[in-house]
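In: Please find the sequence and the predicted model below.
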Amino acid sequence: MAARAMKTQIRRSRLAFTLVELLVSIAIIGVMAGMVLYTLAGAQQDALRTRTRGTIDKINAVLLERWEGYRYRSVKLPVPAEALQKKWITPRQVATLRSLFLKDMMRMEMPDSYVDLAYTPTNRNLTLTNGNMNFKGSPGREYNVLRNYFRMGQVLDTAPAATPIPSTKPSPHWSDRYESAECLYAIVAHSTSGGGSALEGFAASEIGDTDGDGFAEFIDAWGEPISWIRWPAGYASELNLGYKATSPDAFDPLRTAPQWGDATLTQKPWTVVPLVVSSGTDKQFGIDRPVNVFATSQNVFVPSTDAPGVGLISNANQAADNVSNHDLLLE
């Protein structure tokens, strides 16, 4: 009887956990929960990146369709008929004017900052056989459409060329904070795709006005505006560097830009693909862009040095998680 009672008591005592066993179990459960949460967090970030890539892909399709279209766009050249008849201007000088005003047209119709819209069409002096002559570009309808969208008013053909930007914005409610993103939205909003508005392909969750200035932006999955740079000459992506090494400027096939005649410049103009970029998880771009600098058509690719800074990655850690159309185009 005593032996049987002792065995029963031992069995009952084994039904309970010791303190050490409880602590070990809790530790194991904690480690496993941490692993699950880490995996879920990674999956969530992957989902956010995928969603952002989808938005950027749609923006990129609209932008590149317009960008490619400039190769074949007609350009209104202000060349007097007399200069052509008397051959005061050479065919190469005409090609120079076309390349110059084509890029100026891109600057006005595809702005990435307030400055692009604030400046009127640029001009160019050429030395002809009968002396110097000044040629001034035309504002064009699309330029004025965007100026009206941002409440800046129209510019007439008679306006002075390359008028300096005013000290304050004509539209005082247009915030400086996200002007690049707001320019990007305005370009897409005034573009067509598949015979309809390009905006039809975007969900309401992809559009917002984060700074409340009345001008919308495309929003990434982290709730931040998607920015862009029209000519990111300093951006060190494999796409840009590949074009830089092998491809002369597609919009200047006859190589009429002044840099081609400057022996001191080892780097000549190349085809620069627009950059559409999200700041990613850390909400930091880590990319340099000049503020209130008017990049004229003739020097945007290669300024006075061989190392253009527009789009330069200034902080590799911040830029590491960026999502860009260059990444998508390389896939």
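Out: Looks like it arrived, so ask away. Residues are numbered from 1 along each chain as shown.

In: so where do the helices sit in the stretch 1-150 of the chain?
Out: Remark: helices assigned in the stretch 1-150 of the chain by DSSP state H, counting those that start in this stretch are 2-13, 19-69, 81-85, 91-109, 114-118, 141-149.

In: The stretch 151-300 of the chain now?
Out: Ranges of helices within the stretch 151-300 of the chain are 179-189, 238-246, based on DSSP H, counting those that start in this stretch.

In: Looking at those helices, which is nearest to S227?
Out: Nearest to S227 among the helices of the stretch 151-300 of the chain is helix 179-189 (4.6 Å), distances taken as Cβ to Cβ. All C-beta atoms are positioned from the backbone trio N, CA, C, and that covers glycine.

In: just checking, what packs against the closest one?
Out: Applying 3 or more Cβ pairs under 8 Å, 6 or more residues apart in numbering; DSSP states H and E, one finds that helix 179-189 contacts helix 19-69, helix 114-118, helix 141-149, strand 217-218, strand 227-229.

In: most tightly surrounded among these?
Out: Highest mean neighbour count among the helices and strands packed on helix 179-189 (mean count of other Cβ atoms under 10 Å): strand 217-218, with a mean of 26.

In: what's the average pLDDT for that one?
Out: Mean pLDDT, computed over strand 217-218, is 96.

In: And the contacts of it?
Out: Contact partners of strand 217-218, identified using Cβ atoms under 8 Å, 6 or more residues apart in numbering, comprise 55, 59, 178, 181-182, 184-185, 188, 202, 206-210, 225-226.

In: From these, which shows the smallest pLDDT?
Out: Least confident by pLDDT among the contacts of strand 217-218: that is Y178, with 90.

In: Relative to D262, which of the helices of the stretch 1-150 of the chain is closest?
Out: helix 91-109 (14.3 Å).

In: hey, C-alpha coordinates of the closest one in PDB?
Out: Below are the C-alpha coordinates for helix 91-109, written out as PDB (Å, rounded to 0.1, in the frame of the first residue of the first chain):
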ATOM      1  CA  PRO A  91      22.000  73.200 -92.500                       C
ATOM      2  CA  ARG A  92      24.200  72.400 -89.400                       C
ATOM      3  CA  GLN A  93      23.200  75.700 -87.800                       C
ATOM      4  CA  VAL A  94      19.600  74.800 -88.400                       C
ATOM      5  CA  ALA A  95      20.200  71.400 -86.700                       C
ATOM      6  CA  THR A  96      21.800  73.200 -83.800                       C
ATOM      7  CA  LEU A  97      18.700  75.400 -83.400                       C
ATOM      8  CA  ARG A  98      16.400  72.400 -83.600                       C
ATOM      9  CA  SER A  99      18.300  70.500 -80.900                       C
ATOM     10  CA  LEU A 100      18.400  73.600 -78.700                       C
ATOM     11  CA  PHE A 101      14.700  74.400 -78.900                       C
ATOM     12  CA  LEU A 102      13.700  70.700 -78.700                       C
ATOM     13  CA  LYS A 103      15.400  70.400 -75.300                       C
ATOM     14  CA  ASP A 104      13.900  73.700 -74.300                       C
ATOM     15  CA  MET A 105      10.500  72.400 -75.300                       C
ATOM     16  CA  MET A 106      11.200  69.400 -73.100                       C
ATOM     17  CA  ARG A 107      12.200  71.600 -70.200                       C
ATOM     18  CA  MET A 108       8.900  73.600 -70.500                       C
ATOM     19  CA  GLU A 109       6.500  70.700 -71.200                       C
END
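
In: which secondary structure elements does it contact?
Out: Counting by 3+ Cβ pairs under 8 Å, 6+ apart, helix 91-109 packs on helix 114-118, strand 123-128, helix 141-149.

In: mind running it again at 6 Å?
Out: Secondary structure elements in contact with helix 91-109, counted by 3 or more Cβ pairs under 6 Å, 6 or more residues apart in numbering; DSSP states H and E, are helix 141-149.

In: Centroid-nearest residue for the protein?
Out: W228 (1.7 Å; Cα atoms, centre = their mean).

In: Who does it form a beta bridge with?
Out: V276 (DSSP bridges).

In: so what's it scoring on pLDDT?
Out: Per-residue pLDDT puts W228 at 94.

In: Next, the contact list for it, please.
Out: With contact set as Cβ atoms under 6 Å, 6 or more residues apart in numbering, W228 has these partners: D112, S180, L184, V276.

In: Any chance of CSV for the residues you listed, columns distance to V145 and neighbour count?
Out: Compiled in CSV, those are given as follows (distance: Cβ to Cβ, whole Å; neighbours: other Cβ atoms under 10 Å):
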residue, distance to V145, neighbour count
D112, 17, 24
S180, 19, 20
L184, 15, 28
V276, 21, 26
